[in-house]
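Asks: Quick one, what's the 3D model for this:
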Amino acid sequence: MADLFADQTQASPEETSPNGPLADRLRPRALDEVVGQEHLTGPDGAIGRMVAAGKLSSMILWGPPGTGKTTTARLLADAVGLRFVAISAVFSGVADLKKVFAEAKEHAKLGHRTLLFVDEIHRFNRAQQDGFLPFVEDGTVTLVGATTENPSFELNAALLSRAQVLILRRLDADALEKLLERAEAEEERPLPLDSEARAALIASADGDGRFLLNQAETLYSVKLDEPLDPAGLSSLLQRRVAVYDKDREGHYNLISALHKSLRGSDPQAALYYLARMLTAGEEPLYVLRRIVRFASEDIGLADPNALTQCLAAKDAYEFLGSPEGELAIVQACLYCATAPKSNAAYKAQKAAWRSAKETGSLMPPQNILNAPTKLMKDIGYGKGYAYDHDAEGGFSGDNYWPEEMAPQSFYTPVDRGFEKRVAERMAWWDARRKGRGE
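Replies: Numbers count the residues shown, from 1 in each chain. Okay, the predicted model is just below:
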């Protein structure tokens, strides 16, 4: 029986190899060392209360990657004196589950209760999930499942009714900073980053503590003469492949000249470079793809018809072929060169994409989330939603940003073409929002 216990129980924190990965060496040894989840592990949290009472109920830990689900489960077992068994739904099947349950029954006869941790429990199918029910109900195991997916959609209702769903939060900047400080204490030296690069490293983790520590370990593994700035950090941690074939520099010089002539509203020069490319045998659809891109990047909503003109040129060229269809490309080129210009949509995309990469795990506010299941309604999804069509003027002025994130401004229309009217609409909406908050 002792062999069974050893096979199924993970190593304790004290047994972690001093040469192991940094993330493993920094695994918390007690629940109060888990960062970012104080709402659960603190004295008033669900986990804190269970530990204080010395009795665990089965639970589902739902949260993003790198937020401490596995660590929390292991420390829970330690805190209340349960035997800890961990399996992964990715690598385990029915036979593995039967073995685990049989061993848990044998240990129960000796007075050793089992906490069964199931990583990625949502990967088990419905029939496999049903297999847990009798062993959870009779106390053979206390089930702790971990998932990054919404339990309402991925887990059986019967299993959910027997387990408490606990939501782990994405690690915020303060929690990630604590992890870096622990890494520096473990390595007995500071990270080779200036203050701006340190902030960029934290932002790049997107709330994932494991990812952050793996990046920190990479930084410690290289020899640096001086701390890195954000550009140096990006260069070290990312590997980019070349975008263009250097043997065809003339090809890209001409497409660049066409693009910049269009941007500069010089239809004569734009037509010249278009002719240079087409008469040299360039693929017409390639050139047209670049003009379509230009319509979105450099014209945008200053003249929304530009994109329509370009797509109509594509259809005309595909219908007529060369050389007749090339006139449609010329028409699209001239339309774009003479249209009012705005790169507001282009800048808005870059800013929004950058923000999304930094905050991509933040939940939208609960009032604008759909609640198709009872669990989702019980935890507040959809509560207090303001239906804009019922509001005066068809505009509620509600807040649609994550609670942890202040409203951002990515798109600023220019005072040209159609975007001038767009700006007027946005100003009207902004004024209504401000009035609502006063």
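Asks: can you give me the helices in the stretch 251-400 of the chain?
Replies: 267-279, 284-294, 305-320, 326-338, 344-359, 374-378 (DSSP state H, counting those that start in this stretch).
Asks: Present those helices as CSV; the columns should include mean pLDDT, distance to Pro28 and mean neighbour count.
Replies: Bear in mind the C-beta positions are built from the backbone N, C-alpha and C, glycine included. Below are these laid out as CSV (pLDDT from 0 to 100; distance: least, Cβ to Cβ, whole Å; neighbours: other Cβ atoms under 10 Å):
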stretch, mean pLDDT, distance to Pro28, mean neighbour count
helix 267-279, 93, 61, 17
helix 284-294, 95, 49, 19
helix 305-320, 97, 53, 17
helix 326-338, 97, 58, 20
helix 344-359, 92, 25, 15
helix 374-378, 90, 28, 14
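Asks: Quick one, which of those gets closest to Phe91.
Replies: Closest to Phe91 of those is helix 374-378 (Cβ to Cβ; 27.8 Å).
Asks: how far out from the middle of the chain is the closest one?
Replies: 24 Å (Cα atoms, centre = their mean, to the nearest Å).
Asks: packing partners for that helix?
Replies: helix 151-154 (3 or more Cβ pairs under 8 Å, 6 or more residues apart in numbering; DSSP states H and E).
Asks: Which other helices and strands does the helix it packs on contact?
Replies: By 3+ Cβ pairs under 8 Å, 6+ apart, helix 151-154 packs against helix 374-378.
Asks: Give the residue spans of the chain that score low on pLDDT.
Replies: 1-18, 238-250, 437-438 (pLDDT under 70).
Asks: Can you list the residue ranges for strands in it?
Replies: Using DSSP state E, the strands of the chain run over 59-62, 83-88, 114-119, 141-147, 164-167.
Asks: Quick one, which of these gets closest to Phe132.
Replies: Among those, strand 141-147 sits nearest to Phe132 (Cβ to Cβ), with 6.0 Å.
Asks: just checking, what packs against the closest one?
Replies: Identification of packing neighbours for strand 141-147 by 3+ Cβ pairs under 8 Å, 6+ apart yields strand 59-62, helix 69-80, helix 94-109, strand 114-119, helix 133-137.
Asks: quick one on the thing from earlier: any chance of the helices of the stretch 251-400 of the chain in TSV with distance to Val94 as columns?
Replies: Below are the helices of the stretch 251-400 of the chain laid out as TSV (distance: least, Cβ to Cβ, whole Å):
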stretch	distance to Val94
helix 267-279	62
helix 284-294	51
helix 305-320	53
helix 326-338	60
helix 344-359	40
helix 374-378	27
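Asks: can you tell which of the helices and strands packed on strand 141-147 is closest to Arg25?
Replies: helix 69-80 (12.7 Å).
Asks: most residues in a single helix of the protein, which one?
Replies: Secondary structure of the chain per DSSP state H: the longest helix is helix 419-437.
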